[in-house]
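Visitor: could you work out the structure for the sequence below:
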Amino acid sequence: MNEILSYPHYSNSQPRFYYAKNKKPGSAVVVFVHFYGGHQRILKRHIQMVNDFGFDAFAFNMPSRKDLNIKLFEINRFGLKHLYSKMITYFLDQIPGQKIIFSFSNPSASAIEAITDRLNRNDIQAFICDSGPSGKFMKSAWNLAIQQQQNPWLMVFFSFFWSLFFHRDLKKQLKKWPEGFPVLSIRPLDDVVIPPDHIEEVFKGTSHLRIQVYLPKAGHLNALKLNPIEYTAQIENFLSTI
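Guide: The predicted structure is shown next:
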């Protein structure tokens, strides 16, 4: 595949492919979008999993609060959510062929926006979202910033720099997706940051999509670690239906 250019004004994006040893002929590339404050190296279990299924993978890094500079933002779509969406689009544009997006936590909202923006290209086969996004964004931001990290400044940051729309635009975007578009929504039952009802709120009124729901006995983002056999089976079954 072609060499992927790093994201402008953010040299730490470090985009790279992770190739399957026994690639399934004609399979799409699984593009990973990590959670806020994460890094592609934290997704090594997930990347190895899809490689084992015969899918090439692609991942990159997104900035958190301490890595930001004004050059990364746009006026018409101001906010970290939209920056992430722009980054996803930037890399998708460089990856030839069909893609599957596999995202985590609230940056899944950025993935939804990126998919919506390129529907006319017809190059996204499916969407997998683990532990997000939240249809009650401010509550989930409070859960992460105050309850989990005990960092009031992070709550202030999410309040003013995530998005002017928070997640109120998600339903409008999802309604534009084509009939039968496949989605795997992973909603850990013990998630105290983004509980299952937060995610359910996002997908209400989207009966035109083919949504498969997986409710693992796990917390935020740790379902593969706690339930590797069950989680792997769910992903493999979903990918086999595409």
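Visitor: show me what the helix-or-strand element of the chain with minimal mean pLDDT is packed up against.
Guide: Least confident helix or strand, the chain: helix 152-161 with a mean of 94, by mean pLDDT, DSSP states H and E. For helix 152-161, the packing partners by 3 or more CB pairs under 8 Å, 6 or more residues apart in numbering; DSSP states H and E come out as helix 137-142. The C-beta positions use only the backbone N, C-alpha and C, and glycine is treated the same way.
Visitor: buried residues in the helix it packs on?
Guide: By neighbour count on 16 or more other CB atoms under 10 Å, the buried set for helix 137-142 is 137, 140-142.
Visitor: reformat those residues as a markdown table; add distance to Met87 and pLDDT.
Guide: Output for the buried residues of helix 137-142, formatted as a markdown table (distance: CB to CB, whole Å; pLDDT from 0 to 100):
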| residue | distance to Met87 | pLDDT |
| --- | --- | --- |
| Phe137 | 20 | 96 |
| Ser140 | 21 | 97 |
| Ala141 | 20 | 96 |
| Trp142 | 26 | 97 |
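Visitor: where does the chain dip in pLDDT?
Guide: Filtered on pLDDT under 70, the chain yields the residue ranges 1-2, 70.
Visitor: strands along that one, start to end?
Guide: 16-18, 29-33, 57-59, 99-104, 124-130, 182-186, 210-214 (DSSP state E).
Visitor: quick one, which of those is nearest to Asn222?
Guide: strand 124-130 (9.8 Å; CB to CB).
Visitor: from the chain's centroid, how far away is that closest one?
Guide: Distance, stretch centre to chain centre, for strand 124-130: 8 Å (CA atoms, centre = their mean, to the nearest Å).
Visitor: same thing with stretch 168-178?
Guide: 15 Å.
Visitor: again, but for stretch 85-104
Guide: For stretch 85-104 - counting by CA atoms, centre = their mean - the centre lies 10 Å from the chain centre.
Visitor: pull out the buried residues from that stretch.
Guide: Quick answer for stretch 85-104 (16+ other CB under 10 Å): 85-92, 95, 99-104.
Visitor: name the surrounding residues that touch the least confident helix or strand of the chain.
Guide: 65, 79-80, 137-138, 141-142, 144-146 (CB atoms under 8 Å, 6 or more residues apart in numbering).
Visitor: got it, and stretch 134-147?
Guide: With CB under 8 Å, 6+ apart, stretch 134-147 has contacts from 36, 106, 109, 132, 151-152, 154-155, 158-159, 162, 166-167, 170, 192-194, 197-202, 204.
Visitor: would you mind extracting the C-alpha trace of it into PDB?
Guide: C-alpha atoms of stretch 134-147 as PDB (Å, rounded to 0.1, in the frame of the first residue of the first chain):
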ATOM      1  CA  SER A 134     -22.600   8.700  24.400                       C
ATOM      2  CA  GLY A 135     -26.000  10.200  23.700                       C
ATOM      3  CA  LYS A 136     -25.700  12.000  27.000                       C
ATOM      4  CA  PHE A 137     -22.300  13.600  26.400                       C
ATOM      5  CA  MET A 138     -22.000  15.900  29.400                       C
ATOM      6  CA  LYS A 139     -22.900  13.100  31.800                       C
ATOM      7  CA  SER A 140     -20.300  10.800  30.300                       C
ATOM      8  CA  ALA A 141     -17.800  13.700  30.300                       C
ATOM      9  CA  TRP A 142     -18.500  14.200  34.000                       C
ATOM     10  CA  ASN A 143     -18.200  10.500  34.700                       C
ATOM     11  CA  LEU A 144     -14.700  10.400  33.100                       C
ATOM     12  CA  ALA A 145     -13.300  13.800  34.300                       C
ATOM     13  CA  ILE A 146     -14.700  13.900  37.800                       C
ATOM     14  CA  GLN A 147     -15.700  10.400  38.800                       C
END
